[in-house]
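**Student:** Fold the following, please.
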Amino acid sequence: MGPHFYCVETNIWRWHVISREHQINDEIRAREVRVVGAEGEQLGVMSIREALQLAVDASMDLVNVAPQAKPPVCRIMDYGKFRYEQQKKEKEARKNQKIVDLKEVWFRSNIEENDYQTKLRNVVKFLKEGDKVKCSVRYRGREIAHAAIGQRILDRLAKEVAVAELCSVERFPKLEGRSMIMILAPKTTS
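**Tutor:** Reported below is the predicted structural model:
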């Protein structure tokens, strides 16, 4: 038996550095910075040491808010409080946003009236919830030769839903492969 070789592979990409959006205090590498006070007042251009001393005297942090500017703009603020308020705003924005889903309802070209009414109720329910609806007519075997039947079903559906003024037709019926597809989008309430 020969010697065993162990290959230790270091994957640098696996080590993530937690990055903040702003440079704070000693992380700022510029020699001169434009300083904005805690109340928003302009304190002028000064060396990084002087700016850090002003922040220490105020018991706050020096935060680089515009690193691309010449010279970089730094603000004296309580960074922890700033991050907390920023996270609160982001959470509130996420809570208020509505994610629109795309629901799909399948029809057959030889659908019976009761089945059609049931699927129509589902389409209306999805539109009232604020979701888009993809209505499709599937064709099997030789049914594809009678694509006009599926066209009439989707046109009837669009007309009945439009009478209730719930939606607008985002994409009119179009044959794609062995399915005819129509997309309905809910009307925005504003």
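
**Student:** helices and strands of this protein: which one bottoms out on pLDDT?
**Tutor:** Lowest on mean pLDDT, DSSP states H and E among the helices and strands of the chain sits strand 23-24, with a mean of 76.

**Student:** Let me know the secondary structure of the nearest residue to Gly150 once chain neighbours are set aside.
**Tutor:** Using C-beta to C-beta, 6 or more residues apart in numbering and skipping the chain neighbours, the partner closest in space to Gly150 is Val137 (3.4 Å). No exception for glycine: its C-beta is placed from N, CA and C like everyone else's. Of the three states, Val137 takes strand under DSSP: H, G, I helix; E, B strand; the rest coil.

**Student:** can you give me the helices for this structure?
**Tutor:** For the chain, applying DSSP state H gives helices covering 48-57, 79-96, 113-128, 147-163.

**Student:** Could I get those helices in a markdown table, plus columns for mean pLDDT, distance to Ser179 and mean neighbour count?
**Tutor:** Shown next, in a markdown table, are the helices of the chain (pLDDT from 0 to 100; distance: least, C-beta to C-beta, whole Å; neighbours: other C-beta atoms under 10 Å):
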| stretch | mean pLDDT | distance to Ser179 | mean neighbour count |
| --- | --- | --- | --- |
| helix 48-57 | 83 | 64 | 16 |
| helix 79-96 | 83 | 35 | 11 |
| helix 113-128 | 89 | 15 | 14 |
| helix 147-163 | 86 | 9 | 16 |
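
**Student:** can I get those helices in JSON lines with distance to Glu41?
**Tutor:** JSON lines is the format used below for the helices of the chain (distance: least, C-beta to C-beta, whole Å):
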{"stretch": "helix 48-57", "distance to Glu41": "12"}
{"stretch": "helix 79-96", "distance to Glu41": "17"}
{"stretch": "helix 113-128", "distance to Glu41": "53"}
{"stretch": "helix 147-163", "distance to Glu41": "59"}
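
**Student:** how big is the angle separating the longest strand along the chain from helix 147-163?
**Tutor:** When the chain is parsed with DSSP state E, its longest strand is strand 167-176. For strand 167-176 against helix 147-163, the angle by axes from the mean of the first three to the mean of the last three C-alpha atoms, to 10 degrees is 170 degrees.
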